[in-house]
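Asker: could you look at this predicted model? Sequence included:
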Amino acid sequence: MDLTFNKREDHNKLLLSKLRQKLKQVYLGGGQKRIDALHSKGKMSARERIDYLLDEKKPNIEIGALTGDEMYKEHGGCPSGGVVVKIGYISGKQCIVVANDATVKAGAWFPITGKKNLRAQEIAMENKLPIIYLVDSAGVYLPMQDEIFPDKEMFGRIFRNNAIMSSMGITQISAVMGSCVAGGAYLPIMSDEAMIVDKTGSIFLAGSYLVKAAIGEDIDNETLGGATTHCEISGVTDYKAKDDKDALDRIKSIVGKIGDYEKAGFNRIEAAKPALDEQEIYGILPESRAEQYDMYEIINRIVDNSELDEYKPDYGKSIICTYARIDGWAVGIVANQRKIVKSKKDGMQFGGVIYSDSADKATRFIANCNQKKIPLVFLQDVTGFMVGSKSEHGGIIKDGAKMVNAVSNSVVPKFTIIVGNSYGAGNYAMCGKAYDPRLITAWPSAQLAVMGGEQAAKVLLQIKEATLKAQGVEVDEVKKQELLNEITAKYNDETSPYYAAARLWTDGIIDPLDTRKWISMGIEAANHAPIEKQFNLGVIQV
């Protein structure tokens with residue numbers, strides 16, 4: 001291996017180490033003391049509950065582990081958005097599990113908590129996956145109620161989705177393992193089956209203090225809404241569990257009896273590892289987002305046997321379109337080529353830029369994958385569409401619009417991995433979050449923004465400089481450099497994959513070596529939902 005490879009490897013492994021350290025802290029939720037406090041009450045933590053529930057020797061993936069990262073500092077923070085979400089297997093069946101983390105503000109709902117819960121339900125609805133709720137929440141976080149309560153994509157949408165999923169025949173099971181109050185009390189009762197843990201679980205629209213204030217009645221919470229009340233008097237819950245493990249064992253038993261599902265029918269054969277060493281990805285991916293590299297070298301370390309069946313290899317070379325297999329599943333890969341390539345039409349083409357011929361090729365390939373019922377995988381490292389008079393006169397807007405149209409109307413499941421840059425309209429054309437990928441993840445090397453940091457900082461500096469001059473403030477070279485440094489630092493923070501993951505613009509940051517697992521489990525989930533729509537591009541400019 002050469003020196004460049006070694007430097008790149010060291011850099012990417014340092015990024016991975018930072019990710020692991022960050023996740024290690026996140027996994028503690030509100031901290032070890034609060035976990036110990038749960039244990040003293042005979043309760044398990046949210047992560048312990050999920051680990052016990054999921055099949056031990058089967059893979060699982062966590063959605064939104066970094067949700068809320070560095071957010072709500074004035075409120076004490078909200079690790080993982082106060083809720084843990086995983087896709088895994090229960091009694092051999094793939095499910096999605098949502099568990100309130102009572103160590104984070106007693107499981108109260110911050111605005112980002114609502115967004116994450118809705119994302120979990122979206123995954124369940126898109127893929128017709130059974131969804132399990134492990135409820136332990138104090139309800140809406142009152143200091144921020146105006147940002148979580150009244151609007152369309154907020155708290156109330158959860159219960160609307162409960163009803164929609166029920167009508168779709170999606171299994172929903174709830175276990176009340178702690179507090180379940182106010183509007184949140186509807187979630188378990190709108191599930192197919194609900195259980196409650198004796199002495200630690202409680203369900204009521206208003207707790208004892210509020211009942212006393214509202215109607216003057218003196219009553220304790222256990223009598224008001226404990227397990228005995230709801231299993232023997234109100235009939236609100238279906239089962240009483242003696243402790244957390246008893247409730248989780250009952251869920252395993254219920255899920256184990258669910259019948260088989262109608263499959264979408266995506267093609268799968270026996271899985272094979274890549275022929276080339278996956279570990280070498282760390283040494284291929286450059287340190288700087290401006291450096292060139294060969295995306296084929298990355299793809300060949302992700303796909304089975306490192307085998308590609310490429311579509312139009314000599315045309316539109318700045319985008320690679322190829323059929324392949326990942327963990328046995330047939331996929332169509334659309335990837336940005338990151339090295340400079342030679343085109344007979346345009347001469348030299350810059351890596352990471354989408355040209356007219358590349359957009360045209362990708363549009364046709366996406367249509368072919370829809371025709372053949374092959375899931376799509378997008379590997380993003382894109383700086384945007386080509387600009388300038390030659391591109392404009394050649395119809396780059398028209399060709400770009402065709403590609404965006406194809407991505408938008410695609411009916412096969414789509415999966416997006418942000419390898420490096422994800423800038424501007426390139427993010428859209430390569431199936432960014434707005435284009436409904438079933439799962440979207442980023443590598444630690446990713447950056448998401450409307451444009452690259454250097455260009456954006458210069459534009460923002462010009463605006464700031466003009467504003468200050470209009471206010472009569474002189475801007476000399478020293479002041480200009482200070483402003484540029486300040487703007488660049490802020491912009492770089494906002495392009496970080498952590499900034500994106502915190503806001504659920506992606507489902508998380510992953511080790512590149514976990515890419516195959518995410519795509520494979522994602523396609524298996526999508527296979528639960530037969531395709532019901534026909535692929536139709538609608539009206540396009542040809």
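Answerer: That came through, no problem.
Asker: for the helix or strand bottoming out on mean pLDDT in the chain, list the C-alpha coordinates in CSV.
Answerer: Taking mean pLDDT, DSSP states H and E as the measure, the chain has helix 389-393 as its least confident helix or strand, at a mean of 73. Coordinates of each C-alpha in helix 389-393 appear next as CSV, following Å, rounded to 0.1, in the frame of the first residue of the first chain:
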residue,chain,number,x,y,z
SER,A,389,-23.1,28.3,-21.2
LYS,A,390,-22.2,25.0,-22.8
SER,A,391,-24.2,23.0,-20.3
GLU,A,392,-27.1,25.5,-20.3
HIS,A,393,-27.3,25.5,-24.1
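Asker: helices and strands around the helix or strand just after it, which ones?
Answerer: Once helix 389-393 ends, the next helix or strand along the chain (criterion: DSSP states H and E) is helix 396-409. With contacts taken as 3 or more Cβ pairs under 8 Å, 6 or more residues apart in numbering; DSSP states H and E, helix 396-409 sits against helix 356-372, helix 424-429. Quick note: C-beta positions are derived from backbone N, CA and C, even for glycine.
Asker: give me the buried positions along the least confident helix or strand of the chain.
Answerer: Across helix 389-393, burial judged by 16 or more other Cβ atoms under 10 Å covers S391.
Asker: do the same with stretch 147-166
Answerer: Of the residues in stretch 147-166, those buried by neighbour count under the rule 16+ other Cβ under 10 Å are 147-149, 154-159, 161-162, 165.
Asker: next: stretch 467-487.
Answerer: Buried residues in stretch 467-487 (16+ other Cβ under 10 Å): 475, 483-484, 487.
Asker: same deal with stretch 240-249?
Answerer: Within stretch 240-249, the residues that count as buried by 16+ other Cβ under 10 Å are 240-241, 243-244, 247-248.
Asker: next one: stretch 258-276
Answerer: 261, 264, 266, 268, 274, 276.
Asker: now do it: distance from first to last residue.
Answerer: End-to-end distance of stretch 258-276 (Cα to Cα, to the nearest Å): 40 Å.
Asker: check stretch 63-71 too.
Answerer: Note: stretch 63-71 ends 18 Å apart using Cα to Cα.
Asker: again, but for stretch 411-431
Answerer: 13 Å.
Asker: now that stretch, how far from the chain's geometric center?
Answerer: Stretch 411-431 has its C-alpha centroid displaced from the chain centroid by 13 Å (Cα atoms, centre = their mean, to the nearest Å).
Asker: do stretch 154-173 as well
Answerer: Relative to the chain's own centre, stretch 154-173 is displaced by 20 Å; criterion: Cα atoms, centre = their mean.
Asker: rewinding a little: among the buried residues of stretch 147-166, name the ones in strands.
Answerer: Among those, DSSP state E puts none in strands.
Asker: which ones among these lie within helices?
Answerer: Using DSSP state H, the members of the buried residues of stretch 147-166 that fall within helices are 155-159, 161-162, 165.
Asker: how about the residues you listed in CSV, adding distance to Y435 and pLDDT?
Answerer: What follows is these, written out as CSV (distance: Cβ to Cβ, whole Å; pLDDT from 0 to 100):
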residue, distance to Y435, pLDDT
F155, 26, 85
G156, 26, 88
R157, 21, 93
I158, 24, 92
F159, 27, 91
N161, 21, 95
N162, 26, 95
M165, 23, 96
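Asker: need the nearest residue in space to C95, chain neighbours excluded.
Answerer: The spatially closest residue to C95, leaving aside those adjacent along the chain, is P130, at 4.5 Å (Cβ to Cβ, 6 or more residues apart in numbering).
Asker: verify the stated contact: that neighbour with S91.
Answerer: No. Using Cβ atoms under 8 Å, P130 is not in contact with S91; the gap is 10.5 Å.
Asker: overlap in contacts, the two.
Answerer: Residues touching both P130 and S91 (Cβ atoms under 8 Å, 6 or more residues apart in numbering) are V255.
Asker: show the model's pLDDT score for A185.
Answerer: Note on A185: pLDDT of 77.
Asker: I misspoke; the intended subject was A502.
Answerer: A502 is assigned 97 on the pLDDT scale.
Asker: again, but for the one 4 residues further on
Answerer: At T506 the predicted local confidence, pLDDT, stands at 98.
Asker: same check, this time on D346
Answerer: 66.
Asker: ok, now the one 5 residues further on?
Answerer: G351 carries a pLDDT value of 81.
Asker: tell me the secondary structure at C321.
Answerer: When classified by DSSP: H, G, I helix; E, B strand; the rest coil, C321 comes out as strand.
Asker: L23 versus the residue lying closest to it once chain neighbours are set aside, what's the distance?
Answerer: Computed as Cβ to Cβ, 6+ apart, the closest residue to C321 that is not its neighbour in sequence is F365, at 3.9 Å. Taking Cβ to Cβ, to the nearest Å as the measure, F365 falls 35 Å from L23.
Asker: neighbour-wise, which of the two wins?
Answerer: F365 (25 against 15; other Cβ atoms under 10 Å).
Asker: quick one: residues contacting that one.
Answerer: By Cβ under 8 Å, 6+ apart, F365 lies in contact with 311-312, 321, 332, 334.
Asker: who wins for neighbours among the residues you listed?
Answerer: V334 (29 neighbours).
Asker: was I right to think it contacts S318?
Answerer: No. V334 lies out of contact with S318 (Cβ under 8 Å); the separation is 11.7 Å.
Asker: make CSV from the buried residues of stretch 467-487 and add secondary structure to it.
Answerer: CSV is the format used below for these (three-state DSSP):
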residue, secondary structure
V475, coil
L483, helix
L484, helix
I487, helix
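Asker: in terms of neighbours, single out the busier of P130 and S91.
Answerer: In terms of neighbours (other Cβ under 10 Å), P130 is the more surrounded of P130 and S91; the figures are 22 against 16.
Asker: name the SS class of Y133, please.
Answerer: Y133 is classified as strand under three-state DSSP.
Asker: where's it relative to A120, distance?
Answerer: 9 Å.
Asker: give the residues shared as contacts by the two.
Answerer: Residues touching both Y133 and A120 by Cβ under 8 Å, 6+ apart: V98.
Asker: more neighbours: which of these two?
Answerer: It is Y133, of Y133 and A120, that has more neighbours when counted by other Cβ under 10 Å, with 29 against 24.
Asker: so what's that one up against?
Answerer: 98-99, 172-175, 187-188, 191.
Asker: looking at these, state which has the most neighbours.
Answerer: A175 (30 neighbours).
Asker: now do the same contact list for the closest residue to it other than its chain neighbours.
Answerer: Leaving out its chain neighbours, the residue that sits closest to A175 by Cβ to Cβ, 6+ apart is A247, at 4.4 Å. By Cβ under 8 Å, 6+ apart, A247 lies in contact with 175, 177, 195-197, 239, 241.
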